[in-house]
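Peer 1: Structure for the following, please:
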Amino acid sequence: MRERESLASRLGFIFLSAGCAIGLGNVWRFPYIVGAYGGAAFVLIYLFFLISMGLPIMVMEFSVGRASKQSIVGSFKALQPKGSKWWMFGYIGLAGNYILMMFYTTVTGWMLAYVWYNLSGKLVGLNPEQVGAFFGGMLSSAPTLVFWMGLSIVIGTAVCIIGLQAGVERITKWMMSGLLIIMVVLAIRSVTLPGAEAGLEFYLKPSLEKLTANGLWTSIYAALGQAFFTLSIGIGSMAIFGSYISRERSLTGESLLIVTLDTFVAFTAGLIIFPACFAYGVDVGAGPGLIFVSLPNMFNNMPMGRLWSTLFFLFMSFAALSTVVAVFEHIIANSIDMWGWSRKKASLFNLVAIFVLSLPCALGFNVWSGFAPLGEGTIVLDLEDFIVSNNMLPLGALVYLLFCCTRYGWGWDNFIAEADQGTGIRFPKALRFYFVYVVPIVVLVIFVYGYKSIFFK
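Peer 2: Predicted coordinates for the structure are as follows:
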């Protein structure tokens, strides 16, 4: 049997796991979701669900990974009761990782493209209409999107093929360190802009009126969904890093550090975006186009705007690539575990596989733009995002809950023994009833409401 690889340091584990969690959910989705649902009051609800639901399920994923020393397919086979069928979810979770990469690589390509466009000055001097037309032109060009999507895949594969410690761990440390430094610099610049005070008030001062503008239940559901989306829990993307670490530290304490780092990045992204938007009169509820259309207009009006814009999209690229590398590592580790392949063979196979699988998303903005899988106005990306965000993440989280907390799966005692192994914070055993009966109901509500919001508007 092939000897299991391991990470060289605790910091590597924390940065890798945080890198998987920290991505477009933090720096792209979080700001525009907060803008759409009223600011500070929404953030408080989001933080509540992050701690009360997201954090415990992350501990469960890590526990399954560390106890089994396997990736998602092998982990359920290794820990399930004899004769049970939990192993079937392993393949569903693996499929979720592939589907996530099918659209994540395309959007990561946008970030890389905008680093180059800003660095080369292609956006300098454009008026708002021209910036919007520029972004639209990029999306309508199939060769452009395929190139940048392919580059994100090549970068992710190159990091993984070097090795777990020399490539994935070392390079992720550099990316995460660079991301945090750039974020702090940008946040300081943003909050010191003339007129930034209104943005800080919107972001940091809770307002029930703003929260209920879209309907209180809608805002609560959005906060729940964001808490699950931002941590990438439910498809085993976190469990793989649990399989690489020792039992020196309890997993609740490690998970709390990762959630704190993830939240810091999301919170700081808001400090970058909202003060600057208010300072330059940009609509904070502009939706996904906030990053690619509204903010470039803002940077064009800012002193040294080209520098700040380039740094902003470099930080966005680091955030996106940290997730790409982490999920690639999970996919590659599955190939190694299942078929006994070398890391090089598994990396190259998956480079080709994910490139081919990612083509529909890249072509969905241009060549296949007439395909509306979820109704008029939708594209391939919407379908793939729906499959992962509205189905696999919440249902996968439910599987981990039931597997770890009930006697039909791995079981509560086994889970607690693994989670509490080592020094650090212990898992709250007194809350077993909450995890067995309350959290699954809330997860199912998320799942049902996701369908209602799309198909029964």
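Peer 1: contacting residues for Lys85?
Peer 2: If you count contacts by CB atoms under 8 Å, 6 or more residues apart in numbering, Lys85 has none. Using the backbone N, CA and C atoms, a C-beta is placed for each residue, glycine as well.
Peer 1: average pLDDT for stretch 194-207?
Peer 2: Mean pLDDT, stretch 194-207: 87.
Peer 1: and that stretch, how far out from the chain's middle?
Peer 2: In terms of CA atoms, centre = their mean, to the nearest Å, the centre of stretch 194-207 is found 26 Å from the chain centre.
Peer 1: Likewise for stretch 395-410?
Peer 2: Taking CA atoms, centre = their mean, one finds the center of stretch 395-410 at 22 Å from the center of the full chain.
Peer 1: what do you get for stretch 315-326?
Peer 2: 9 Å.
Peer 1: ditto for stretch 378-393
Peer 2: How far stretch 378-393 lies from its chain's middle: 14 Å, per CA atoms, centre = their mean.
Peer 1: Nearest residue to Gly236 in space, please, no chain neighbours.
Peer 2: In this structure, Gly236 finds its nearest non-sequential neighbour in Ile72, 3.1 Å apart by CB to CB, 6 or more residues apart in numbering.
Peer 1: how close does the one you found get to Ser219?
Peer 2: 33 Å (CB to CB, to the nearest Å).
Peer 1: who has more neighbours, these two?
Peer 2: Neighbours per residue (other CB atoms under 10 Å) separate Ile72 from Ser219, with Ile72 holding more: 31 against 22.
Peer 1: okay, and the helix or strand of this protein with the least pLDDT?
Peer 2: Of all helical and strand segments in the chain, the minimum by mean pLDDT, DSSP states H and E falls on helix 289, at a mean of 69.
Peer 1: which residues make contact with whatever helix or strand comes next after that one from outside it?
Peer 2: Per DSSP states H and E, the first helix or strand lying C-terminal to helix 289 is helix 295-300. Under the contact criterion CB under 8 Å, 6+ apart, helix 295-300 has outside partners 114, 118, 123-128, 131, 273, 276-277, 280, 282, 305-306, 308-309, 312.
Peer 1: which among those end up buried?
Peer 2: 114, 118, 123, 131, 273, 276-277, 280, 282, 305-306, 308-309, 312 (16 or more other CB atoms under 10 Å).
Peer 1: where does this structure have low pLDDT?
Peer 2: Within the chain, the stretches with pLDDT under 70 are 1-4, 285-289, 457.
Peer 1: can you map out the strands along the chain?
Peer 2: In the chain, no strands are found when defined by DSSP state E.
Peer 1: any idea which helix is longest in it?
Peer 2: Ranked by number of residues, the top helix in the chain under DSSP state H is helix 305-339.
Peer 1: Now do the residue lying closest to Gly450 once chain neighbours are set aside: how many residues are near it, please.
Peer 2: The spatially closest residue to Gly450, leaving aside those adjacent along the chain, is Asn390, at 3.7 Å (CB to CB, 6+ apart). Neighbours of Asn390 under the rule other CB under 10 Å: 19.
Peer 1: Distance check, Asn390 against Val191.
Peer 2: Using CB to CB, Asn390 is found at 35 Å from Val191.
Peer 1: In this structure Gln226 contacts Pro31, no?
Peer 2: No: counting by CB atoms under 8 Å, Pro31 is not a contact partner of Gln226; they are 11.0 Å apart.
Peer 1: Those two: which is more packed in?
Peer 2: Gln226 (26 against 23).
Peer 1: Could I get the contacting residues of that one?
Peer 2: With contacts defined as CB under 8 Å, 6+ apart, Gln226 is in contact with 25, 29-30, 33, 46.
Peer 1: and the gap between it and Met53?
Peer 2: On the measure of CB to CB, Gln226 and Met53 end up 12 Å apart.
Peer 1: swap in Ser141?
Peer 2: Applying CB to CB, the value for Ser141 to Met53 is 41 Å.
Peer 1: Between these two, point out the one with more neighbours.
Peer 2: For Ser141 versus Met53, neighbours defined as other CB under 10 Å are more numerous around Met53 (24 against 13).
Peer 1: List the contacts of that one.
Peer 2: Here Met53 is in contact with 224, 227-228, 439, 442-443 (criterion: CB under 8 Å, 6+ apart).
Peer 1: if we go to 10 Å?
Peer 2: With contact taken as CB atoms under 10 Å, 6 or more residues apart in numbering, Met53 is in contact with 224, 227-228, 231, 233, 397, 401, 434-435, 438-439, 442-443, 446.
Peer 1: Filter those down to the buried ones.
Peer 2: 224, 227-228, 231, 233, 397, 401, 435, 439, 443, 446.
Peer 1: Go through those residues and flag which are in helices.
Peer 2: Filtering the buried ones among the contacts of Met53 for helices - DSSP H - leaves 224, 227-228, 231, 397, 401, 439, 443, 446.
Peer 1: Identify, from the residues you listed, the entry nearest to Gly411.
Peer 2: Leu401 (12.6 Å; CB to CB).
Peer 1: Contacts only, for Gly236.
Peer 2: Gly236 sits next to 61, 64-65, 70-73, 75-76, 89-90, 92-94, 96-97, 242-243, 327, 330, 333-334, 396, 399-400 when contact means CB under 10 Å, 6+ apart.
Peer 1: how near is it to Glu329?
Peer 2: For Gly236 relative to Glu329 (CB to CB), the value is 12 Å.
Peer 1: Can you pull the residues that touch both of these two?
Peer 2: Joint contacts of Gly236 and Glu329 (CB under 10 Å, 6+ apart) are Ser71.
Peer 1: Can you tell me, leaving aside adjacent residues, what's nearest to Gly39?
Peer 2: Phe202 (4.6 Å).
Peer 1: who are the neighbours in contact with that neighbour?
Peer 2: Per CB under 10 Å, 6+ apart, neighbours of Phe202: 34-35, 38-40, 210, 270, 274-275, 277-278, 284.
Peer 1: Tabulate these (TSV), appending distance to Leu363.
Peer 2: As requested, those are arranged in TSV below (distance: CB to CB, whole Å):
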residue	distance to Leu363
Val34	31
Gly35	30
Gly38	36
Gly39	37
Ala40	40
Lys210	39
Gly270	33
Phe274	34
Pro275	38
Cys277	32
Phe278	37
Val284	32
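Peer 1: Buried subset of those, written for PyMOL?
Peer 2: Filtering the contacts of Phe202 down to the buried ones (16+ other CB under 10 Å) takes a single PyMOL command:
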select buried, resi 34+35+38+39+40+210+270+274+275+277+278+284
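Peer 1: What is the nearest of the contacts of Phe202 to Asn366?
Peer 2: Checking those against Asn366 with CB to CB, the nearest one is Gly35 at 28.0 Å.
Peer 1: The closest one and Leu357, how far apart?
Peer 2: Note on Gly35: its distance to Leu357, by CB to CB, is 32 Å.
Peer 1: Repeat that for Ala187.
Peer 2: Taken as CB to CB, the span from Ala187 to Leu357 is 36 Å.
Peer 1: again, but for Cys277
Peer 2: Counting by CB to CB, the gap from Cys277 to Leu357 is 35 Å.
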